[in-house]
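Undergrad: Structure of the sequence below:
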Amino acid sequence: MSKESLKLGKQTDLSIFTGTMVEMTWTEVKKSAENGEVVLFPIGIIEEHGPHMDLSPDVYMAYLFCRFLKQSLERKNIRSIIAPPYYWGISEEVKNYPGTFSVRPETFKSMLIDIFNSLSSWGFTTVFIINSHGDHTHVNIIEQAVKEMRDHKNMQIYNLGSLNMDVENPPVFPLPRDGKFEPDFHAGANETAAMYTFYPQKVNVELAKELKPQNSFHPLGYCGDPASFSMERTVIEYYKADLEMDTLKIEAVLKKNEEINKNHGGETMQIEPMSDFFTVRLEGYEDVMLNNVGNKDGYTKLAELLPQKVGELLDLGCGTGLELDEIFKTRPFIKVTGIDLTQAMLDKLQQKHPKKNLTLINASYFNYDFGIEKYDAAISFQTMHHFSHEDKIRLYSKVCAALKSGGQYIESDYMVTSQADEDFFYSEYQRLRNEQGIPDGEFYHYDTPCTVDNQISMLYKAGFSTVKMVWRVMNTTIIVAQK
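TA: Residues are numbered from 1 along each chain as shown. Predicted structure coming up:
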(Lines give C-alpha, C1' and ligand atoms only; values in the text may rest on other atoms or scores of the structure.)
Protein backbone atom coordinates (compact mmCIF):
# COMPACT_ATOMS: atom_id res chain seq x y z
CA MET A 1 0.00 0.00 0.00
CA SER A 2 1.34 3.41 -0.99
CA LYS A 3 2.91 5.44 1.83
CA GLU A 4 3.81 8.43 -0.35
CA SER A 5 2.64 11.74 1.06
CA LEU A 6 0.14 13.57 -1.10
CA LYS A 7 0.60 17.18 -2.13
CA LEU A 8 -2.21 19.61 -2.81
CA GLY A 9 -2.32 20.35 -6.50
CA LYS A 10 -2.00 18.31 -9.70
CA GLN A 11 -2.19 14.53 -9.23
CA THR A 12 -0.32 12.28 -11.63
CA ASP A 13 -1.54 8.91 -10.30
CA LEU A 14 -4.94 8.28 -11.90
CA SER A 15 -5.67 5.02 -10.06
CA ILE A 16 -8.66 5.27 -7.71
CA PHE A 17 -7.36 2.30 -5.73
CA THR A 18 -4.02 3.75 -4.65
CA GLY A 19 -3.93 4.11 -0.88
CA THR A 20 -7.18 2.16 -0.32
CA MET A 21 -7.79 -1.27 1.17
CA VAL A 22 -7.79 -2.70 -2.37
CA GLU A 23 -3.98 -2.66 -2.15
CA MET A 24 -4.00 -4.57 1.15
CA THR A 25 -4.04 -8.29 1.88
CA TRP A 26 -6.97 -9.76 3.79
CA THR A 27 -4.76 -10.19 6.86
CA GLU A 28 -3.87 -6.50 6.74
CA VAL A 29 -7.55 -5.55 6.50
CA LYS A 30 -8.27 -7.84 9.45
CA LYS A 31 -5.55 -6.16 11.51
CA SER A 32 -6.91 -2.73 10.60
CA ALA A 33 -10.31 -3.71 11.99
CA GLU A 34 -8.76 -5.20 15.13
CA ASN A 35 -6.87 -1.95 15.68
CA GLY A 36 -10.15 -0.02 15.68
CA GLU A 37 -9.39 1.99 12.57
CA VAL A 38 -12.27 4.07 11.21
CA VAL A 39 -13.39 3.53 7.63
CA LEU A 40 -13.43 6.41 5.14
CA PHE A 41 -15.94 5.54 2.43
CA PRO A 42 -15.84 7.61 -0.79
CA ILE A 43 -19.12 7.70 -2.73
CA GLY A 44 -19.59 9.26 -6.15
CA ILE A 45 -21.16 8.43 -9.48
CA ILE A 46 -20.17 7.95 -13.10
CA GLU A 47 -22.10 10.62 -14.96
CA GLU A 48 -21.74 13.25 -17.63
CA HIS A 49 -20.06 16.51 -16.66
CA GLY A 50 -20.74 18.70 -19.65
CA PRO A 51 -18.91 18.50 -22.99
CA HIS A 52 -15.65 19.71 -21.40
CA MET A 53 -14.97 16.99 -18.79
CA ASP A 54 -15.16 13.21 -18.76
CA LEU A 55 -17.49 11.11 -16.59
CA SER A 56 -15.18 10.79 -13.59
CA PRO A 57 -15.17 14.01 -11.45
CA ASP A 58 -17.44 12.80 -8.63
CA VAL A 59 -15.51 9.55 -8.24
CA TYR A 60 -12.09 11.20 -8.27
CA MET A 61 -13.03 14.05 -5.95
CA ALA A 62 -14.54 11.74 -3.28
CA TYR A 63 -11.56 9.38 -3.53
CA LEU A 64 -8.90 12.10 -3.40
CA PHE A 65 -10.57 13.85 -0.48
CA CYS A 66 -10.42 10.57 1.46
CA ARG A 67 -6.71 10.31 0.72
CA PHE A 68 -6.03 13.79 2.09
CA LEU A 69 -8.42 13.24 5.00
CA LYS A 70 -6.55 10.08 5.99
CA GLN A 71 -3.31 12.09 6.11
CA SER A 72 -4.96 14.81 8.17
CA LEU A 73 -6.32 12.27 10.66
CA GLU A 74 -2.92 10.63 11.01
CA ARG A 75 -1.54 13.95 12.27
CA LYS A 76 -4.06 13.68 15.12
CA ASN A 77 -3.16 10.02 15.77
CA ILE A 78 -6.48 8.83 14.36
CA ARG A 79 -5.97 5.73 12.25
CA SER A 80 -8.18 5.12 9.25
CA ILE A 81 -8.60 2.88 6.23
CA ILE A 82 -10.13 3.88 2.90
CA ALA A 83 -12.79 1.65 1.37
CA PRO A 84 -12.86 1.20 -2.42
CA PRO A 85 -14.62 4.14 -4.09
CA TYR A 86 -18.28 3.46 -4.82
CA TYR A 87 -19.71 4.87 -8.05
CA TRP A 88 -23.09 3.28 -8.84
CA GLY A 89 -25.45 6.00 -7.63
CA ILE A 90 -28.59 7.89 -8.61
CA SER A 91 -28.74 10.78 -11.07
CA GLU A 92 -32.24 12.07 -11.73
CA GLU A 93 -31.35 15.34 -13.46
CA VAL A 94 -28.95 14.08 -16.13
CA LYS A 95 -29.72 10.36 -16.36
CA ASN A 96 -30.71 10.67 -20.04
CA TYR A 97 -27.24 11.87 -21.10
CA PRO A 98 -25.05 9.09 -22.51
CA GLY A 99 -22.44 8.03 -19.97
CA THR A 100 -24.61 8.65 -16.91
CA PHE A 101 -25.17 5.45 -14.97
CA SER A 102 -28.19 5.79 -12.66
CA VAL A 103 -29.43 2.83 -10.63
CA ARG A 104 -32.78 2.31 -8.94
CA PRO A 105 -33.07 3.64 -5.37
CA GLU A 106 -33.70 0.15 -4.01
CA THR A 107 -30.58 -1.11 -5.80
CA PHE A 108 -28.46 1.71 -4.42
CA LYS A 109 -29.75 1.18 -0.88
CA SER A 110 -29.23 -2.59 -1.05
CA MET A 111 -25.68 -2.14 -2.30
CA LEU A 112 -24.83 0.29 0.50
CA ILE A 113 -26.29 -1.97 3.17
CA ASP A 114 -24.40 -4.97 1.76
CA ILE A 115 -21.17 -2.95 1.83
CA PHE A 116 -21.80 -1.83 5.41
CA ASN A 117 -22.62 -5.41 6.42
CA SER A 118 -19.36 -6.60 4.87
CA LEU A 119 -17.38 -4.01 6.82
CA SER A 120 -19.25 -4.92 9.99
CA SER A 121 -18.61 -8.65 9.50
CA TRP A 122 -14.87 -7.94 9.35
CA GLY A 123 -15.00 -6.08 12.66
CA PHE A 124 -15.19 -2.43 11.59
CA THR A 125 -17.58 -0.38 13.76
CA THR A 126 -17.24 3.22 12.57
CA VAL A 127 -17.64 4.54 9.02
CA PHE A 128 -17.43 8.10 7.72
CA ILE A 129 -18.99 8.69 4.30
CA ILE A 130 -17.49 11.24 1.93
CA ASN A 131 -20.15 11.75 -0.75
CA SER A 132 -19.39 14.01 -3.73
CA HIS A 133 -22.69 13.66 -5.62
CA GLY A 134 -25.53 16.00 -4.65
CA ASP A 135 -28.61 14.46 -6.30
CA HIS A 136 -31.43 14.70 -3.72
CA THR A 137 -32.62 11.11 -4.15
CA HIS A 138 -29.04 9.85 -4.04
CA VAL A 139 -28.36 11.69 -0.76
CA ASN A 140 -31.71 10.61 0.73
CA ILE A 141 -31.00 6.94 0.04
CA ILE A 142 -27.61 7.25 1.73
CA GLU A 143 -29.35 8.63 4.83
CA GLN A 144 -31.91 5.79 4.73
CA ALA A 145 -29.19 3.15 4.53
CA VAL A 146 -27.25 4.77 7.36
CA LYS A 147 -30.36 4.85 9.55
CA GLU A 148 -31.20 1.22 8.82
CA MET A 149 -27.72 0.11 9.80
CA ARG A 150 -27.86 2.24 12.95
CA ASP A 151 -31.15 0.66 13.98
CA HIS A 152 -30.17 -2.95 13.35
CA LYS A 153 -26.42 -3.26 13.63
CA ASN A 154 -23.67 -2.42 16.08
CA MET A 155 -22.26 0.11 13.65
CA GLN A 156 -21.85 3.86 13.72
CA ILE A 157 -22.04 5.43 10.27
CA TYR A 158 -21.85 9.15 9.60
CA ASN A 159 -22.34 11.09 6.39
CA LEU A 160 -19.83 13.91 6.82
CA GLY A 161 -21.74 16.11 4.40
CA SER A 162 -24.82 16.21 6.64
CA LEU A 163 -23.13 15.76 10.02
CA ASN A 164 -23.49 18.78 12.29
CA MET A 165 -20.96 18.76 15.11
CA ASP A 166 -19.80 21.50 17.43
CA VAL A 167 -16.03 21.74 17.02
CA GLU A 168 -13.42 23.92 18.64
CA ASN A 169 -11.81 26.61 16.48
CA PRO A 170 -13.56 25.76 13.21
CA PRO A 171 -11.81 26.87 10.02
CA VAL A 172 -12.84 29.97 8.08
CA PHE A 173 -14.08 29.20 4.57
CA PRO A 174 -13.37 31.68 1.77
CA LEU A 175 -16.35 33.64 0.49
CA PRO A 176 -17.68 33.23 -3.08
CA ARG A 177 -16.16 35.73 -5.47
CA ASP A 178 -18.13 38.83 -6.39
CA GLY A 179 -20.06 38.71 -9.63
CA LYS A 180 -20.05 34.94 -9.88
CA PHE A 181 -22.74 33.40 -12.09
CA GLU A 182 -25.36 31.50 -10.12
CA PRO A 183 -26.59 28.80 -9.90
CA ASP A 184 -23.38 26.78 -10.05
CA PHE A 185 -24.56 23.22 -9.34
CA HIS A 186 -22.90 20.90 -11.80
CA ALA A 187 -19.79 21.04 -13.97
CA GLY A 188 -19.81 24.84 -13.69
CA ALA A 189 -17.05 27.16 -12.48
CA ASN A 190 -16.51 25.45 -9.11
CA GLU A 191 -16.35 21.84 -10.25
CA THR A 192 -14.35 22.64 -13.37
CA ALA A 193 -11.87 24.66 -11.30
CA ALA A 194 -11.52 21.84 -8.75
CA MET A 195 -10.87 19.25 -11.45
CA TYR A 196 -8.41 21.55 -13.20
CA THR A 197 -6.57 22.06 -9.89
CA PHE A 198 -6.18 18.37 -9.13
CA TYR A 199 -6.71 16.58 -12.44
CA PRO A 200 -6.06 19.12 -15.25
CA GLN A 201 -5.60 16.28 -17.73
CA LYS A 202 -9.34 15.62 -17.42
CA VAL A 203 -10.48 19.12 -18.41
CA ASN A 204 -10.76 20.29 -22.01
CA VAL A 205 -9.73 23.85 -21.25
CA GLU A 206 -10.26 25.30 -24.72
CA LEU A 207 -13.77 23.90 -24.96
CA ALA A 208 -14.62 25.01 -21.40
CA LYS A 209 -13.68 28.59 -22.25
CA GLU A 210 -16.16 28.58 -25.15
CA LEU A 211 -19.18 27.45 -23.15
CA LYS A 212 -21.98 29.89 -22.31
CA PRO A 213 -23.53 30.08 -18.82
CA GLN A 214 -26.56 27.81 -18.21
CA ASN A 215 -29.00 28.20 -15.32
CA SER A 216 -30.26 24.62 -15.73
CA PHE A 217 -28.63 21.32 -16.63
CA HIS A 218 -29.84 21.43 -20.21
CA PRO A 219 -29.11 21.34 -23.11
CA LEU A 220 -25.38 20.62 -22.58
CA GLY A 221 -25.30 18.82 -19.23
CA TYR A 222 -23.86 21.51 -16.98
CA CYS A 223 -25.37 24.12 -14.66
CA GLY A 224 -23.21 27.19 -14.12
CA ASP A 225 -20.49 29.01 -15.99
CA PRO A 226 -17.57 26.67 -16.69
CA ALA A 227 -15.85 29.28 -18.88
CA SER A 228 -15.08 31.33 -15.76
CA PHE A 229 -13.34 28.47 -13.91
CA SER A 230 -9.96 30.25 -14.03
CA MET A 231 -11.43 33.05 -11.91
CA GLU A 232 -11.93 30.66 -8.99
CA ARG A 233 -8.73 31.48 -7.08
CA THR A 234 -9.60 29.93 -3.71
CA VAL A 235 -9.91 26.24 -4.62
CA ILE A 236 -6.95 25.14 -2.50
CA GLU A 237 -7.91 27.46 0.37
CA TYR A 238 -11.46 26.09 0.41
CA TYR A 239 -10.18 22.51 0.13
CA LYS A 240 -7.90 22.99 3.14
CA ALA A 241 -10.77 24.43 5.19
CA ASP A 242 -13.02 21.54 4.19
CA LEU A 243 -10.34 19.02 5.17
CA GLU A 244 -9.77 20.71 8.51
CA MET A 245 -13.50 20.86 9.23
CA ASP A 246 -14.09 17.18 8.49
CA THR A 247 -11.01 16.22 10.50
CA LEU A 248 -12.38 18.17 13.47
CA LYS A 249 -15.81 16.56 13.02
CA ILE A 250 -14.34 13.06 13.09
CA GLU A 251 -12.18 13.90 16.09
CA ALA A 252 -15.21 15.31 17.93
CA VAL A 253 -17.36 12.28 17.10
CA LEU A 254 -14.76 9.81 18.32
CA LYS A 255 -14.11 11.79 21.49
CA LYS A 256 -17.82 12.08 22.23
CA ASN A 257 -18.43 8.40 21.62
CA GLU A 258 -15.55 7.50 23.92
CA GLU A 259 -17.00 9.66 26.70
CA ILE A 260 -20.51 8.27 26.27
CA ASN A 261 -19.23 4.69 26.16
CA LYS A 262 -17.25 5.26 29.34
CA ASN A 263 -20.25 6.79 31.12
CA HIS A 264 -22.53 3.94 30.11
CA GLY A 265 -20.23 1.19 31.20
CA GLY A 266 -19.34 -0.18 27.76
CA GLU A 267 -19.79 -3.91 27.30
CA THR A 268 -20.50 -4.66 30.98
CA MET A 269 -23.84 -2.83 31.07
CA GLN A 270 -26.89 -5.08 31.47
CA ILE A 271 -30.17 -3.63 30.30
CA GLU A 272 -33.48 -4.57 31.91
CA PRO A 273 -37.10 -4.86 30.76
CA MET A 274 -38.78 -1.47 31.05
CA SER A 275 -41.33 -2.44 33.71
CA ASP A 276 -38.78 -4.35 35.83
CA PHE A 277 -36.38 -1.41 35.73
CA PHE A 278 -38.88 0.96 37.34
CA THR A 279 -40.45 -1.56 39.71
CA VAL A 280 -37.18 -2.26 41.52
CA ARG A 281 -36.40 1.46 41.65
CA LEU A 282 -39.74 2.65 42.97
CA GLU A 283 -38.30 3.63 46.33
CA GLY A 284 -36.28 6.75 45.75
CA TYR A 285 -37.56 7.20 42.19
CA GLU A 286 -39.14 10.59 42.85
CA ASP A 287 -36.04 11.94 44.57
CA VAL A 288 -33.92 10.90 41.60
CA MET A 289 -36.28 12.50 39.09
CA LEU A 290 -36.63 15.74 41.03
CA ASN A 291 -33.04 16.19 42.11
CA ASN A 292 -30.53 14.15 40.16
CA VAL A 293 -32.01 14.35 36.68
CA GLY A 294 -32.63 18.08 36.99
CA ASN A 295 -36.30 17.97 36.05
CA LYS A 296 -37.88 19.94 38.89
CA ASP A 297 -38.28 23.11 36.83
CA GLY A 298 -39.50 21.02 33.92
CA TYR A 299 -42.46 19.67 35.89
CA THR A 300 -43.46 23.20 36.86
CA LYS A 301 -43.03 24.52 33.33
CA LEU A 302 -45.09 21.73 31.79
CA ALA A 303 -47.96 22.51 34.17
CA GLU A 304 -47.73 26.20 33.25
CA LEU A 305 -47.89 25.39 29.53
CA LEU A 306 -51.02 23.27 29.84
CA PRO A 307 -53.96 25.39 28.60
CA GLN A 308 -56.49 26.36 31.27
CA LYS A 309 -59.40 25.14 29.14
CA VAL A 310 -58.22 21.52 29.28
CA GLY A 311 -60.90 19.34 30.85
CA GLU A 312 -59.71 15.88 29.86
CA LEU A 313 -56.02 14.98 29.80
CA LEU A 314 -54.07 11.95 28.54
CA ASP A 315 -50.80 11.32 30.43
CA LEU A 316 -48.41 8.90 28.71
CA GLY A 317 -45.97 7.10 30.99
CA CYS A 318 -47.40 8.88 34.00
CA GLY A 319 -45.35 6.91 36.55
CA THR A 320 -45.96 8.21 40.07
CA GLY A 321 -47.46 11.41 38.71
CA LEU A 322 -44.81 14.04 39.44
CA GLU A 323 -46.12 16.17 36.57
CA LEU A 324 -49.68 15.70 37.88
CA ASP A 325 -48.60 16.91 41.32
CA GLU A 326 -47.96 20.30 39.69
CA ILE A 327 -51.00 20.23 37.42
CA PHE A 328 -53.42 19.44 40.29
CA LYS A 329 -52.23 22.54 42.15
CA THR A 330 -54.05 24.79 39.66
CA ARG A 331 -56.49 22.32 38.06
CA PRO A 332 -57.82 20.17 40.90
CA PHE A 333 -60.83 18.95 38.94
CA ILE A 334 -59.17 17.98 35.68
CA LYS A 335 -60.00 14.49 34.40
CA VAL A 336 -56.85 12.45 33.76
CA THR A 337 -56.26 9.14 31.99
CA GLY A 338 -52.80 7.89 32.96
CA ILE A 339 -51.04 4.99 31.22
CA ASP A 340 -47.91 3.27 32.48
CA LEU A 341 -46.19 -0.12 32.19
CA THR A 342 -45.40 -0.33 35.90
CA GLN A 343 -48.30 -1.17 38.19
CA ALA A 344 -46.34 -0.29 41.34
CA MET A 345 -45.96 3.29 40.12
CA LEU A 346 -49.64 3.59 39.29
CA ASP A 347 -50.46 2.33 42.79
CA LYS A 348 -48.30 5.06 44.31
CA LEU A 349 -49.94 7.70 42.11
CA GLN A 350 -53.39 6.55 43.27
CA GLN A 351 -52.28 6.66 46.90
CA LYS A 352 -51.04 10.24 46.50
CA HIS A 353 -54.25 11.47 44.86
CA PRO A 354 -57.11 9.20 46.00
CA LYS A 355 -59.80 11.84 45.43
CA LYS A 356 -58.74 13.06 42.02
CA ASN A 357 -60.55 12.16 38.81
CA LEU A 358 -58.00 9.57 37.74
CA THR A 359 -58.33 6.63 35.37
CA LEU A 360 -55.12 4.63 35.61
CA ILE A 361 -54.28 1.96 33.06
CA ASN A 362 -51.46 -0.57 33.39
CA ALA A 363 -50.49 -1.10 29.76
CA SER A 364 -48.11 -0.15 26.99
CA TYR A 365 -49.21 3.10 25.44
CA PHE A 366 -48.04 1.70 22.11
CA ASN A 367 -50.77 -0.95 22.25
CA TYR A 368 -53.55 0.85 24.11
CA ASP A 369 -56.43 2.34 22.09
CA PHE A 370 -56.69 6.04 22.98
CA GLY A 371 -59.86 6.58 21.00
CA ILE A 372 -60.62 9.34 18.50
CA GLU A 373 -60.90 13.07 19.37
CA LYS A 374 -61.38 12.26 23.05
CA TYR A 375 -58.84 14.46 24.85
CA ASP A 376 -58.24 18.20 25.09
CA ALA A 377 -54.52 17.66 25.63
CA ALA A 378 -51.91 14.95 26.07
CA ILE A 379 -48.60 15.07 27.94
CA SER A 380 -45.52 12.97 28.54
CA PHE A 381 -42.54 13.59 30.80
CA GLN A 382 -39.15 11.87 30.39
CA THR A 383 -40.61 8.73 28.84
CA MET A 384 -40.05 8.98 25.08
CA HIS A 385 -36.25 8.75 24.99
CA HIS A 386 -36.24 4.95 24.84
CA PHE A 387 -37.81 4.27 21.44
CA SER A 388 -37.06 4.27 17.72
CA HIS A 389 -38.21 6.90 15.25
CA GLU A 390 -40.70 4.45 13.75
CA ASP A 391 -42.23 3.58 17.13
CA LYS A 392 -42.50 7.24 18.06
CA ILE A 393 -44.15 8.29 14.81
CA ARG A 394 -46.67 5.47 15.19
CA LEU A 395 -47.41 6.55 18.77
CA TYR A 396 -47.58 10.26 17.95
CA SER A 397 -50.05 9.51 15.15
CA LYS A 398 -52.31 7.80 17.70
CA VAL A 399 -51.95 10.74 20.07
CA CYS A 400 -52.81 13.22 17.32
CA ALA A 401 -55.91 11.23 16.40
CA ALA A 402 -56.98 11.05 20.05
CA LEU A 403 -56.87 14.84 20.46
CA LYS A 404 -59.80 17.09 19.75
CA SER A 405 -59.40 19.76 17.07
CA GLY A 406 -56.88 22.33 18.29
CA GLY A 407 -55.69 20.01 21.07
CA GLN A 408 -52.08 20.06 22.23
CA TYR A 409 -49.50 17.41 22.97
CA ILE A 410 -46.79 18.64 25.36
CA GLU A 411 -43.66 16.54 25.62
CA SER A 412 -40.87 17.12 28.10
CA ASP A 413 -37.97 14.79 27.44
CA TYR A 414 -34.26 14.17 27.32
CA MET A 415 -33.02 15.45 23.93
CA VAL A 416 -29.57 16.00 22.48
CA THR A 417 -28.25 18.60 20.05
CA SER A 418 -25.87 16.43 18.03
CA GLN A 419 -26.85 13.79 15.48
CA ALA A 420 -23.62 12.01 16.38
CA ASP A 421 -24.83 11.62 19.96
CA GLU A 422 -28.18 10.26 18.81
CA ASP A 423 -26.49 7.84 16.41
CA PHE A 424 -24.17 6.57 19.11
CA PHE A 425 -26.97 5.90 21.62
CA TYR A 426 -29.03 3.97 19.08
CA SER A 427 -26.00 1.99 17.90
CA GLU A 428 -24.93 1.15 21.45
CA TYR A 429 -28.48 0.10 22.37
CA GLN A 430 -28.61 -2.23 19.38
CA ARG A 431 -25.22 -3.67 20.29
CA LEU A 432 -26.41 -4.43 23.82
CA ARG A 433 -29.65 -5.98 22.55
CA ASN A 434 -27.71 -8.19 20.13
CA GLU A 435 -25.16 -9.27 22.73
CA GLN A 436 -27.84 -10.03 25.32
CA GLY A 437 -30.14 -11.84 22.88
CA ILE A 438 -33.12 -9.52 23.35
CA PRO A 439 -35.90 -10.24 20.82
CA ASP A 440 -37.29 -7.50 18.60
CA GLY A 441 -40.46 -5.85 19.86
CA GLU A 442 -39.62 -6.05 23.57
CA PHE A 443 -39.03 -2.75 25.38
CA TYR A 444 -35.88 -2.55 27.50
CA HIS A 445 -34.63 0.43 29.45
CA TYR A 446 -31.80 2.28 27.74
CA ASP A 447 -31.57 5.96 26.91
CA THR A 448 -31.77 6.68 23.17
CA PRO A 449 -32.42 10.43 23.08
CA CYS A 450 -33.07 12.08 19.73
CA THR A 451 -32.09 15.52 18.56
CA VAL A 452 -34.60 18.32 18.99
CA ASP A 453 -34.86 18.65 15.21
CA ASN A 454 -35.66 14.98 14.80
CA GLN A 455 -38.30 15.11 17.53
CA ILE A 456 -39.98 18.04 15.81
CA SER A 457 -39.82 16.27 12.44
CA MET A 458 -41.42 13.11 13.85
CA LEU A 459 -44.32 15.07 15.30
CA TYR A 460 -44.95 16.77 11.98
CA LYS A 461 -44.87 13.39 10.24
CA ALA A 462 -47.46 12.16 12.75
CA GLY A 463 -49.92 14.82 11.60
CA PHE A 464 -49.51 17.78 13.95
CA SER A 465 -49.96 21.16 12.28
CA THR A 466 -47.52 23.20 14.36
CA VAL A 467 -44.61 21.98 16.48
CA LYS A 468 -42.29 24.20 18.53
CA MET A 469 -39.56 23.85 21.11
CA VAL A 470 -40.63 26.21 23.91
CA TRP A 471 -38.22 25.49 26.76
CA ARG A 472 -34.84 23.84 27.35
CA VAL A 473 -32.58 23.57 30.41
CA MET A 474 -29.52 21.36 29.95
CA ASN A 475 -30.89 18.36 28.01
CA THR A 476 -34.44 18.58 29.37
CA THR A 477 -36.51 19.99 26.53
CA ILE A 478 -40.21 20.81 26.15
CA ILE A 479 -41.91 20.66 22.77
CA VAL A 480 -45.52 21.69 22.13
CA ALA A 481 -47.36 20.18 19.18
CA GLN A 482 -50.82 21.35 18.15
CA LYS A 483 -53.34 19.38 16.12
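Undergrad: For the residue nearest the centre of the chain, give me its contacts.
TA: For the chain, residue 419 is the residue whose C-alpha lies nearest the centre (CA atoms, centre = their mean; 4.5 Å). Going by CB atoms under 8 Å, 6 or more residues apart in numbering, residue 419 touches 158, 162-164, 451, 454. C-beta: built from backbone N, CA, C; applies to glycine.
Undergrad: could you dump the residues you listed to JSON lines with neighbour count, distance to residue 13 and pLDDT?
TA: Output for the contacts of residue 419, formatted as JSON lines (neighbours: other CB atoms under 10 Å; distance: CB to CB, whole Å; pLDDT from 0 to 100):
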{"residue": "158", "neighbour count": "23", "distance to residue 13": "28", "pLDDT": "92"}
{"residue": "162", "neighbour count": "13", "distance to residue 13": "30", "pLDDT": "86"}
{"residue": "163", "neighbour count": "18", "distance to residue 13": "29", "pLDDT": "85"}
{"residue": "164", "neighbour count": "11", "distance to residue 13": "34", "pLDDT": "80"}
{"residue": "451", "neighbour count": "19", "distance to residue 13": "41", "pLDDT": "92"}
{"residue": "454", "neighbour count": "16", "distance to residue 13": "42", "pLDDT": "93"}
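Undergrad: Mark which of those are part of helices, please.
TA: By the criterion of DSSP state H, membership of the contacts of residue 419 in helices covers residue 454.
Undergrad: Out of the contacts of residue 419, which comes closest to residue 274?
TA: Using CB to CB, the shortest approach to residue 274 within the contacts of residue 419 belongs to residue 454, at 21.5 Å.
Undergrad: If you count neighbours, what's buried in stretch 113-133?
TA: Using 16 or more other CB atoms under 10 Å as the test for burial, stretch 113-133 gives 113, 115-116, 119-120, 124-133.
Undergrad: Farthest pair within those?
TA: Largest separation among those by CB to CB: 125 and 133, giving 25.7 Å.
Undergrad: State the distance from the nearest residue to residue 86 once chain neighbours are set aside to residue 111.
TA: Among residues not flanking residue 86 along the chain, residue 43 sits closest, at 4.8 Å (CB to CB, 6 or more residues apart in numbering). The gap separating residue 43 from residue 111 is 10 Å, by CB to CB, to the nearest Å.
Undergrad: I'd like to know how many residues surround the spatially closest residue to residue 122 that is not a sequence neighbour.
TA: Leaving aside its sequence neighbours, residue 122 sits nearest to residue 33 (CB to CB, 6+ apart; 5.0 Å). Using other CB atoms under 10 Å, the number of residues around residue 33 comes to 17.
Undergrad: The helix or strand where residue 33 lies - what's its average pLDDT?
TA: Assessed by DSSP states H and E, residue 33 sits inside helix 26-34. Model confidence over helix 26-34, given as mean pLDDT, is 96.
Undergrad: And stretch 52-71, by the same measure?
TA: Summarised as a single mean, pLDDT over stretch 52-71 is 98.
Undergrad: Flag every buried residue along it.
TA: Across stretch 52-71, burial judged by 16+ other CB under 10 Å covers 52-70.
Undergrad: hang on, the earlier thing: distance to residue 243 for the contacts of residue 419 - can I get that in CSV?
TA: Below are the contacts of residue 419 laid out as CSV (distance: CB to CB, whole Å):
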residue, distance to residue 243
158, 16
162, 18
163, 15
164, 18
451, 26
454, 28
